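**Q** Provided below for reference: sequence and predicted model.
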Amino acid sequence: MHFEFEHLGTTTPFELPEGVHLLGGGEEDQIRLEGLPPGLLTLRIESHRLMVEATHPFTVGGVMVAPGVPRLVLPGEVVGLSEEMRLRVSGPDEDAGRQVGTVAVLKHLLMDLEEPPPSRAASLRCLIGADVGRTFALAEASTELGRGKEVSVRLRDIAVSRRHARIRHQDGAFLLEDLGSPNGVYLNGKRVDAPSPLHEGDVIELGRTLLRFQAPMGTPEPEMPPEPAPTPAETPAPAEPPPANETPAAVSGEDMPERPRVRWEGWLIGLGAALALVGLLATYALTP
């Protein structure tokens with residue numbers, strides 16, 4: 001396996017075969033680096049996989065790793081030994097433009113894997129470990145993971161405890177919690193100290209096993225029919241004028257203008273005066 005040791009801007013490449021190697025500043029360390037504590041790192045290389053365990057806190061991809069906790073390190077990741085010293089892990093087939101970090105490296109590796117068909121139930125897919133390629137369904141409200149026979153997700157990893165972790169389905173969310181395992185549980189490279197929510201694509205690390213979480217396929221919400229547009233108030237059609245040969249309908253009395261009242265007394269007085277005048281003229285004509 002290929003490594004690059006970086007110190008004060010200087011890079012020194014070296015290679016290590018499969019097996020167990022000690023790295024530190026002591027005389028008994030197989031890889032001696034001045035300025036480091038004796039026996040700082042234990043490197044276990046097996047089938048191109050690297051497990052790192054340290055006697056002091058160190059970082060992988062900028063994430064702190066506790067002492068005594070084995071940590072799987074993938075090609076492209078950087079192990080921080082001190083503020084000025086870093087160890088970069090590289091592989092023979094590593095791409096030059098590959099990003100650093102556990103999540104980035106895993107996404108790069110998954111590009112070449114066939115994606116499983118969507119499932120309505122959540123699931124875990126083993127990416128690295130003795131159960132690589134297997135998929136475990138999370139159909140129950142509580143699912144335990146471990147190496148024992150009583151757990152629902154049984155892993156064939158000797159670095160995994162019998163009851164290592166639990167995934168609970170609560171209020172529509174999936175929560176990952178550690179069951180007090182010595183090696184701990186890591187979510188996207190960060191140790192899980194309290195129940196942590198899981199999201200699509202999250203990577204769970206138990207011992208030497210990496211599992212990817214696949215969220216359940218959601219049921220699309222039914223589309224609401226569009227609300228009908230408000231109907232505008234109907235406007236009465238204008239009345240058509242009557243044909244020329246037809247007489248308009250009679251107007252009701254309520255719409256007739258009020259006529260002046262006929263004064264019959266005046267007419268009678270005028271008529272009487274006229275008759276009297278005619279009588280006087282006749283009498284005058286007949287007088288000799």
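**A** Received, thanks.
**Q** show the contacting residues for R166.
**A** Residues in contact with R166 (C-beta atoms under 8 Å, 6 or more residues apart in numbering) are 142-145, 176-177, 179. Every C-beta, even on glycine, is put in place using the N, C-alpha and C of the backbone.
**Q** how about the residue lying closest to S47 once chain neighbours are set aside, what does it touch?
**A** Counting by C-beta to C-beta, 6 or more residues apart in numbering, E18 is the residue found nearest to S47 once chain neighbours are left out, at 7.5 Å. By C-beta under 8 Å, 6+ apart, E18 lies in contact with 1, 45-47.
**Q** so which of the contacts of R166 sit within strands?
**A** Assigned to strands by DSSP state E, the following of the contacts of R166 qualify: 142-145, 176-177.
**Q** tell me the one among the residues you listed nearest to L22.
**A** Nearest to L22 among these is L145, at 31.7 Å by C-beta to C-beta.
**Q** right, and that closest one touches S161 too?
**A** No: counting by C-beta atoms under 8 Å, L145 does not reach S161; the two are 9.4 Å apart.
**Q** pick out whichever of the two has more residues nearby.
**A** Using other C-beta atoms under 10 Å as the criterion, L145 and S161 rank with L145 on top: 28 against 23.
**Q** this structure: helices as residue ranges?
**A** Using DSSP state H, the helices of the chain run over 102-110, 264-286.
**Q** in terms of mean pLDDT, which of the ones you listed ranks lowest?
**A** With a mean of 45, helix 102-110 has the lowest mean pLDDT of those.
**Q** list the buried residues in stretch 39-54.
**A** Buried residues in stretch 39-54, counted by 16 or more other C-beta atoms under 10 Å: 39-43, 49-54.
**Q** so how far does stretch 50-69 reach from one end to the other?
**A** One end of stretch 50-69 to the other measures 14 Å (C-alpha to C-alpha, to the nearest Å).
**Q** scratch that, stretch 136-153 is what I was asking about
**A** With C-alpha to C-alpha as the measure, stretch 136-153 spans 7 Å from end to end.
**Q** wait, doesn't P182 sit right on S161?
**A** Yes: P182 is within contact range of S161, at 6.7 Å (criterion: C-beta under 8 Å).
**Q** next, count neighbours for V65.
**A** Residues within reach of V65, counting by other C-beta under 10 Å, total 24.
**Q** same check on E77?
**A** By the measure other C-beta under 10 Å, the count of residues near E77 is 25.
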